[in-house]
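Colleague: dropping a prediction and its sequence here:
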Amino acid sequence: MSPFFIITGIVTLLGAVFAMSLRNLVHCALAMAVAFSGIAALYLQLDAQFVGFAEILVYVGAIAILIVFAILLTRSGEAPEKSVLTSGWLAGIAVSAVVFTMLGWAVLNSSAIPKETPPAPVATVKNVGDALMTKFVLPLEIIAAMIGAVIIALKEESKNENSGRKS
Amino acid sequence: MFDKLDQIFVTALHWLVGFLPDAWRPLASSLICIAFILSVFPAVFSVTTIFERKGIGRIQNRYGPNRVGIPFTKIRLAGFGQFIPDGVKMLTKEDIVPRAADKIVHFLAPVVMLIPVLLTYAVLPFGKNMTVTDYDAGLLFFFAVGGAVELSVFMAGWSSRNKYSLLGAMRAIAQMVSYEIPLILSAVTVVMVVGSLNLNDIIAHQNQYTFGIAHWHVFTPWGLVGFILFFIASLAESNRTPFDLPEAESEIIAGYFTEYSGFKFALFFLGEYLGMFAIIGLGITLFLGGWTSPVSFLTWIPSYVWFFTKLMAIVFVFIWIRATLPRLRMDQLMNFAWKFMLPLALINILVAGIWHYMAADWQRWLVCSAIIFGAYVVFGRGLMHNQKLGKRIYRYAE
């Protein structure tokens, strides 16, 4: 393990822990943005440039802003009075630890995973783009179609709203 | 001789790093590059503030700063020493934090603002062989990291616990999110034609000459439209007039940095200008040939001189626009981004595709220009329809 991996790993984990445990929801959202940037740094260390940059572009640039706006628009930014840590947490931690060990044991002993690591695939941005435009072109088109469907479904509502505002 | 002058910084870097043992070389070379960025661009920033104040003064028919020269001497330098007392003033001012403010987030916001802005310089080619990190997806890196600035704007506006700050932050984020789309879509055309996200490949594609004139992308129909869209969107991204609603002085004091003073305010100021330089640098790289010369008989001028000349020329246009145009209204700003720039950028992508697949003769110039002109007229008319522009009627002030 390189020192860079350890540093980014610690930053990511701390960001995730603070995102769960801080009292103020806006602080939680900011801590989650830190965790996202840490994950992006981890992807970059694995030479996955496209995934790393997309992680920053989508999660830090868009999702974090969306969450923060949602918090601001739905409730006042005041911190809750009672502590976030409650007695229910202990049971939760115990259950999740058991599930984690079970899953980890199952994955490590699974025959579906090859024992020797295969050679690292070359995942340049060009390859990702080629794959998106040839092998995975249908899922890509379906996403675009879904966005179009949402817009068609929304149209009537927004028209009513506009006419209501004008009159 | 000129080649050596062109590569003088690269040679100097190799010479300096050569003194160290092999294991230390990558670290030392990146540290020197970081020092280069950290020293050159703030220096450009300080000179630009003087240019801006003097230029706006000239346009508004007054003098602007013309007293301060070199300290403790009688040399005035026509006021170009003004940035030194300005900087000292910023550093020595009291740092005021509002009592209700969220102390930690309030402290972190200017830092979070400056880090992504400085990171974007890592992929910009300042000259021949002068890119700090030559990423395969440099353009994507630039946009990804640049998007993180919005978060710092929110942090500053929210943590100040001030209505004006929050309003400014909301305006800034709405504006940045809206104008990022035409910004990226106008850059996509270049990626389509060049076939690479690497900024050095994009420059290499423009570094060819026919009849002594360079193949800059701005000299093609799609490139011209792309450059104009990119230019307008970069004005909005760097919160400059006519898109300076986030910090509209007459309405919301200073927007998201209302509650900042002293050095933290200086950091915001610096971050804003460095962001502006970075995005102009990207525009130069994408459309204006980066560090290449426009005509083949001037190729002997060092590449970094071309880059910084183009940078300062566009900064001058920014200052000119700031002194000339009034501020837009919020709904005009949004209408312009979503109803005019976005459709035009999408049409421009189509045009770039047609340009790529048609034979290289006069016909493709005709077809591409006709599509763009038609789209411009249709969208322009559509946007001005029902606007009822005319003499302003004052309802209460007669």
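Modeller: Sure thing, it's come through. Numbers count the residues shown, from 1 in each chain, chains lettered A, B, ... in the order given.

Colleague: near chain B, which residues of chain A?
Modeller: Neighbours of chain B within chain A, by Cβ under 8 Å from any Cβ of the partner chain: A:24, A:26-27, A:30, A:33, A:37, A:49-50, A:53-54, A:56-57, A:60-62, A:64-65, A:68-69, A:72, A:77, A:124-126. Using the backbone N, CA and C atoms, a C-beta is placed for each residue, glycine as well.

Colleague: count of residues packed around the residue lying closest to A:Leu140 once chain neighbours are set aside?
Modeller: Leaving aside its chain neighbours, A:Leu140 sits nearest to A:Leu132 (5.7 Å; criterion: Cβ to Cβ, 6 or more residues apart in numbering or on different chains). Using other Cβ atoms under 10 Å in any protein chain shown, A:Leu132 has 12 other residues around it.

Colleague: who's in contact with the closest residue to chain B within chain A?
Modeller: Among the residues of chain A, A:Gly61 lies nearest to chain B; the distance is 2.9 Å by Cβ to the nearest Cβ. Contact analysis of A:Gly61 by Cβ atoms under 8 Å, 6 or more residues apart in numbering or on different chains lists B:Ala144, B:Gly147, B:Ala148, B:Glu150, B:Leu151.

Colleague: same check on B:Ala144?
Modeller: Residues in contact with B:Ala144, defined by Cβ under 8 Å, 6+ apart, are A:Phe53, A:Ala54, A:Ile56, A:Leu57, A:Gly61.

Colleague: check what pLDDT it gets.
Modeller: For B:Ala144, the pLDDT comes out at 87.

Colleague: so it is in which element?
Modeller: Assigned by DSSP states H and E, B:Ala144 falls within helix B:138-146.

Colleague: show me what secondary structure element comes after that helix.
Modeller: In the C-terminal direction from helix B:138-146 (assignment by DSSP H and E), the next one is helix B:149-159.

Colleague: ok now that following helix, how far from the chain's centre?
Modeller: Taking the mean C-alpha point of helix B:149-159 and that of its whole chain, the gap between them comes to 19 Å (Cα atoms, centre = their mean, to the nearest Å).

Colleague: so is that helix next to chain A?
Modeller: Yes - contact of helix B:149-159 with chain A is found when judged by Cβ under 8 Å from any Cβ, involving B:Glu150, B:Leu151, B:Phe154, B:Met155, B:Trp158.

Colleague: number of nearby residues for the residue nearest to the fourth one when sequence neighbours are not counted?
Modeller: Counting by Cβ to Cβ, 6+ apart, B:Met155 lies nearest to B:Ala109, which is 4.0 Å off, once chain neighbours are set aside. Applying other Cβ under 10 Å, we find 29 other residues in the vicinity of B:Ala109.

Colleague: and B:His215, how far from B:Asn207?
Modeller: Distance of B:His215 to B:Asn207, given as Cβ to Cβ, to the nearest Å: 8 Å.

Colleague: common neighbours of those two, please.
Modeller: B:Gly289.

Colleague: compare the two (neighbour count), which wins?
Modeller: With neighbours defined as other Cβ under 10 Å, B:His215 and B:Asn207 compare such that B:Asn207 has more, 19 against 15.

Colleague: enumerate every residue touching that one.
Modeller: Listed by Cβ under 8 Å, 6+ apart, the contact partners of B:Asn207 are B:Ala214, B:His215, B:Gly289, B:Thr292.

Colleague: now do the contacts for the second one.
Modeller: Shown here is B:His215, whose contacts under the criterion Cβ under 8 Å, 6+ apart are B:His205, B:Gln206, B:Asn207, B:Gln208, B:Tyr209, B:Gly289.

Colleague: which one of those residues is nearest chain A?
Modeller: Nearest to chain A, judged by Cβ to the nearest Cβ, of those is B:His205 at 15.3 Å.

Colleague: okay, now that closest one: neighbour count?
Modeller: 17.

Colleague: and the residue of chain B found nearest chain A, how many neighbours?
Modeller: Evaluated by Cβ to the nearest Cβ, chain B has B:Gly147 as its residue closest to chain A, separated by 2.9 Å. The number of residues packed around B:Gly147, counting by other Cβ under 10 Å, is 22.

Colleague: and if you look at the one 5 residues further on?
Modeller: Using other Cβ under 10 Å, B:Ser152 has 24 other residues around it.

Colleague: count of neighbours near A:Ser2?
Modeller: As a burial measure, A:Ser2 scores 8 neighbours (other Cβ under 10 Å).

Colleague: circling back to that earlier point, buried subset of the residues of helix B:149-159 next to chain A, written for ChimeraX?
Modeller: Burial among these is assessed by 16 or more other Cβ atoms under 10 Å in any protein chain shown; the matching ChimeraX selection reads:
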select /B:150,151,154,155,158
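
Colleague: what is the nearest of the residues of helix B:149-159 next to chain A to A:Gly104?
Modeller: B:Leu151 (33.9 Å; Cβ to Cβ).

Colleague: doesn't A:Ala62 make contact with the closest one?
Modeller: No - judged on Cβ atoms under 8 Å, B:Leu151 makes no contact with A:Ala62 at a distance of 10.3 Å.

Colleague: and stretch B:94-114, which residues are buried?
Modeller: By neighbour count with 16+ other Cβ under 10 Å, stretch B:94-114 contains the buried residues B:Val97, B:Pro98, B:Ala101, B:Asp102, B:Val105, B:His106, B:Leu108, B:Ala109, B:Pro110, B:Val112, B:Met113, B:Leu114.

Colleague: so what's the first one scoring on pLDDT?
Modeller: Here the pLDDT value assigned to B:Val97 is 84.

Colleague: quick one: it and B:Lys264, what's the gap?
Modeller: Counting by Cβ to Cβ - B:Val97 and B:Lys264 are separated by 9 Å.

Colleague: what touches both of the two?
Modeller: Common neighbours of B:Val97 and B:Lys264, counting by Cβ under 8 Å, 6+ apart, are B:Phe107.

Colleague: out of everything not next to it in sequence, what's closest to B:Cys33?
Modeller: Nearest non-adjacent residue to B:Cys33, counting by Cβ to Cβ, 6+ apart: B:Val132, 4.5 Å away.

Colleague: secondary structure class for B:Ser39?
Modeller: helix (DSSP: H, G, I helix; E, B strand; the rest coil).

Colleague: contacts only, for the residue most central in space within chain A.
Modeller: Relative to the mean C-alpha position of chain A, the nearest C-alpha, by Cα atoms, centre = their mean, is the one of A:Tyr59, at 6.1 Å. In this structure, A:Tyr59 makes contact with A:Ala33, A:Phe36, A:Ile39, A:Ala40, judged by Cβ under 8 Å, 6+ apart.

Colleague: please redo it, this time with the cut-off set to 10 Å
Modeller: By Cβ atoms under 10 Å, 6 or more residues apart in numbering or on different chains, the contact list for A:Tyr59 reads A:Met32, A:Ala33, A:Ala35, A:Phe36, A:Ser37, A:Ile39, A:Ala40, A:Leu66, A:Ile67.

Colleague: you'd agree the second one is up against A:Val58?
Modeller: No - no contact is recorded between A:Ala33 and A:Val58 when judged using Cβ atoms under 10 Å, the distance being 12.0 Å.

Colleague: joint contacts of those two?
Modeller: When contacts are counted by Cβ under 10 Å, 6+ apart, A:Ala33 and A:Val58 have A:Ala64 as shared neighbours.

Colleague: which one's more surrounded, those two?
Modeller: Just comparing A:Ala33 and A:Val58: by other Cβ under 10 Å the higher neighbour count belongs to A:Ala33, 25 against 15.

Colleague: in what helix or strand does that one lie?
Modeller: Per DSSP H and E: helix A:25-45 holds A:Ala33.

Colleague: quick check: B:Leu36 vs B:Tyr394, distance?
Modeller: To be clear, residue B:36 is Phe; Leu isn't right here. Here the distance between B:Phe36 and B:Tyr394 works out to 56 Å (Cβ to Cβ).

Colleague: okay, the two: which has more neighbours?
Modeller: A side-by-side neighbour count of B:Phe36 and B:Tyr394, using other Cβ under 10 Å, places B:Phe36 first with 16 against 6.
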